[in-house]
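J.: Okay, here's the prediction I keep looking at, along with the sequence it came from:
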Amino acid sequence: MTKRILCFILLLTFLPGFISCETEKPSVVDRSPLNSEVSVLESSITEESAAEESSLDDIPQSRGFYIMFIDVGQADASLIMCDGHYMLIDGGNVDDSNRIYSVLKSRGVEHLDYVIGTHAHEDHVGGITAAFSACTVGQAFSPVTVADNVPFNNFKRIAQNQGVELQKPVLDKVYMLGSSRFTVFAPRENYEDANNSSIVIRLEYGDNVFLFTGDAERASEEAMINAGCSLSADLLKVGHHGSNSSTSYLFLRAVMPTYAIISCGAGNDYGHPHKEVLSRLENADVKTLRTDKLGDIICYSDGQNLRFECGTADDNVSYAYIGNKNNMLLHTVMCGGLPNPNNRAYFVSLEDAERAGYTRHCSNCMP
Ligand SMILES: [Zn+2]
Ligand SMILES: [Zn+2]
């Protein structure tokens with residue numbers, strides 16, 4: 001049995017108000033910080049409880065709505081599903097490619113309507129190439145079409161190989177994803193700073209609103225406030241991994257989320273999330289969930305209420321082929337001459353391997 005950690009059960013047991021939470025702002029707010037409760041609960045996680053109840057693997061494939069904040073360490077990656085339509089916002093670092101690929105495969109994602117690289121930094125677009133190996137892609141959005149770094153150029157190239165040109169999304173335009181819709185709020189200006197150039201979107205499903213801010217910092221936050229963007233949201237994907245450069249007091253007051261998600265790596269070099277941001281969130285009675293503490297975080301919405309599951313999702317898939325990232329040579333998993341584990345790209349099908357550019361085959365194992 002796959003080892004899996006689930007805080008779902010614990011939350012169900014100990015935090016009934018959290019599991020099925022009304023998204024209307026409560027008039028009386030429980031001031032106990034969620035983080036401390038969750039960290040206490042983590043110590044009592046058991047395998048038995050995981051086996052008894054529904055799990056991260058029971059996700060309906062083609063109806064309803066969920067957002068999976070994929071634990072990619074000190075990076076960002078969010079998969080959104082609505083009525084069988086999918087969108088990926090960022091794809092983690094280059095090293096996260098295999099994880100992104102297996103998440104998409106294990107969830108049966110064959111087509112992504114949209115892939116959004118919020119900005120041209122490796123921790124956002126490094127692993128995004130996996131989306132183009134695992135799936136066909138409708139549209140790919142980026143705030144820039146030219147950037148001077150290898151991960152971005154690989155993103156652009158693999159998209160082009162699939163006949164998809166990176167395009168800047170249209171500001172304030174409404175895009176549909178199944179019965180949900182999203183609006184692009186930023187970047188509203190041409191920033192030299194890549195973080196501030198982050199694509200910011202407001203995603204709406206029923207009465208629920210989610211705000212994804214990439215690594216947008218104070219300048220972009222102010223531009224959105226000044227432009228009168230409708231920033232109020234039930235859930236804020238906190239900007240820049242919880243850095244103090246983002247989630248300014250004014251911005252937080254405009255968003256006033258019930259929940260905040262912070263994607264960051266345990267013990268990261270930047271000290272993210274910064275204590276100033278955590279205390280701003282706590283002072284605003286925002287329930288904060290962190291990938292460094294909880295692993296993957298899945299938020300389900302029925303259009304009115306939000307429900308969360310967290311832990312490490314089981315995304316084991318059966319790989320048949322292994323590519324050597326250095327020389328782009330493809331092997332079967334049984335080959336005697338497999339590349340060093342650090343240089344491996346895993347694929348479930350020849351079609352996926354070819355889509356990722358692995359067209360040369362090992363002459364020994366002959367894939
Ligand atoms: Zn980042
Ligand atoms: Zn960045």
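T.: Everything's here; your move. Ligands and ions are numbered 1, 2, ... in the order given.

J.: tell me which parts of the chain are close to ligand 1?
T.: Within the chain, the positions adjacent to ligand 1 are 123, 215 by C-beta under 5 Å from the ion. Heads up, the C-betas are built off the backbone N, CA and C, glycines and all.

J.: Run through the helices of the chain in chain order.
T.: 8-14, 16-19, 34-42, 47-52, 97-106, 122-125, 129-134, 150-161, 218-226, 249-255, 275-283, 291-294, 350-355 (DSSP state H).

J.: any chance of the ones you listed in CSV, with mean pLDDT and mean neighbour count too?
T.: Formatted as CSV, those follow (pLDDT from 0 to 100; neighbours: other C-beta atoms under 10 Å):
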stretch, mean pLDDT, mean neighbour count
helix 8-14, 40, 19
helix 16-19, 35, 14
helix 34-42, 34, 16
helix 47-52, 35, 13
helix 97-106, 96, 23
helix 122-125, 98, 26
helix 129-134, 96, 28
helix 150-161, 96, 19
helix 218-226, 98, 19
helix 249-255, 98, 17
helix 275-283, 98, 17
helix 291-294, 97, 22
helix 350-355, 94, 18
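
J.: Now tabulate these in TSV and tack on distance to ligand 2.
T.: Compiled in TSV, these are given as follows (distance: least, C-beta to the ion, whole Å):
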stretch	distance to ligand 2
helix 8-14	31
helix 16-19	30
helix 34-42	24
helix 47-52	35
helix 97-106	18
helix 122-125	6
helix 129-134	17
helix 150-161	11
helix 218-226	12
helix 249-255	17
helix 275-283	16
helix 291-294	16
helix 350-355	27
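
J.: Quick check: which of those is nearest to Ala266?
T.: Across those, Ala266 has its closest neighbour in helix 291-294 (4.3 Å, C-beta to C-beta).

J.: Could you tell me which other helices and strands that closest one packs against?
T.: On a contact count with 3 or more C-beta pairs under 8 Å, 6 or more residues apart in numbering; DSSP states H and E, helix 291-294 meets helix 34-42, strand 259-262.

J.: Now the residue nearest the centre of the chain. Nearest residue, chain neighbours left out?
T.: Central residue of the chain (C-alpha atoms, centre = their mean): Ser78, 1.6 Å from the mean position. Nearest residue to Ser78, sequence neighbours excluded (C-beta to C-beta, 6 or more residues apart in numbering): Ile89, at 4.5 Å.

J.: Test my guess that the one you found contacts Phe210.
T.: No. Under the criterion of C-beta atoms under 8 Å, Ile89 makes no contact with Phe210, lying 10.3 Å away.

J.: got a list of what the residue of the stretch 51-200 of the chain found nearest ligand 1 touches?
T.: Ligand 1 sits closest to Asp123 of the stretch 51-200 of the chain, with a gap of 4.3 Å, by C-beta to the ion. By C-beta atoms under 8 Å, 6 or more residues apart in numbering, the residues touching Asp123 are 74-76, 92-93.

J.: if we can go back for a sec, quick one: neighbours of the residue nearest to Ser78, just the number.
T.: Neighbour count of Ile89, defined by other C-beta atoms under 10 Å: 26.

J.: now Val144
T.: The burial count for Val144: 16, using other C-beta under 10 Å.

J.: ditto for His241
T.: Counted by other C-beta under 10 Å, the residues lying close to His241 total 25.

J.: which residues sit in contact with it?
T.: The contact partners of His241, by C-beta under 8 Å, 6+ apart, come to 74, 76, 215, 262-264, 268, 270, 272-273.

J.: again, only using 10 Å
T.: His241 sits next to 74-76, 123, 215, 262-265, 268, 270, 272-274, 277, 290-292 when contact means C-beta atoms under 10 Å, 6 or more residues apart in numbering.

J.: what's across from the residue nearest to the centre of the chain in the sheet?
T.: Phe69, Ile89 (DSSP bridges).

J.: what do you get for Ala186?
T.: Val200.

J.: Distance check, Met176 against Leu231.
T.: To Leu231, Met176 is 21 Å away according to C-beta to C-beta, to the nearest Å.

J.: Then Val170?
T.: Counting by C-beta to C-beta - Val170 and Leu231 are separated by 19 Å.

J.: what's the overlap in contacts for Ile89 and Phe210?
T.: By C-beta under 10 Å, 6+ apart, the residues touching both Ile89 and Phe210 are 67, 78, 80, 182, 201, 203, 237.

J.: leaving aside the residues next to it on the chain, what's closest to Asn244?
T.: His274 (4.0 Å).

J.: tell me, how many neighbours does that neighbour end up with?
T.: Neighbours of His274 (other C-beta under 10 Å): 18.

J.: Would you check the distance separating stretch 102-122 from the middle of the chain?
T.: Counting by C-alpha atoms, centre = their mean, to the nearest Å, stretch 102-122 is centred 9 Å from the centre of its parent chain.

J.: Between its first and last residues, how far does that stretch reach?
T.: End-to-end distance of stretch 102-122 (C-alpha to C-alpha, to the nearest Å): 19 Å.

J.: just stretch 281-296 next, same as before
T.: Using C-alpha to C-alpha, the two ends of stretch 281-296 sit 21 Å apart.

J.: Find the nearest non-adjacent residue to Ala345, please.
T.: Nearest residue to Ala345, sequence neighbours excluded (C-beta to C-beta, 6+ apart): Gly323, at 4.0 Å.

J.: Now stretch 129-149 - C-alpha only, CSV.
T.: Taking C-alpha atoms only, stretch 129-149 is exported to CSV below (Å, rounded to 0.1, in the frame of the first residue of the first chain):
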residue,chain,number,x,y,z
THR,A,129,7.5,21.6,-19.7
ALA,A,130,6.0,18.4,-18.1
ALA,A,131,2.5,19.7,-19.0
PHE,A,132,3.4,19.5,-22.7
SER,A,133,4.8,16.0,-22.3
ALA,A,134,1.8,14.7,-20.5
CYS,A,135,-1.0,16.5,-22.3
THR,A,136,-2.1,18.5,-25.2
VAL,A,137,-2.4,22.1,-24.4
GLY,A,138,-5.0,24.7,-25.7
GLN,A,139,-3.4,28.0,-24.8
ALA,A,140,-0.2,29.0,-23.0
PHE,A,141,0.0,32.3,-21.2
SER,A,142,3.1,34.2,-20.1
PRO,A,143,3.5,37.9,-19.3
VAL,A,144,6.5,38.0,-21.6
THR,A,145,7.3,36.1,-24.9
VAL,A,146,11.1,36.7,-24.6
ALA,A,147,13.2,36.2,-21.5
ASP,A,148,16.9,35.4,-21.1
ASN,A,149,16.9,32.2,-19.1
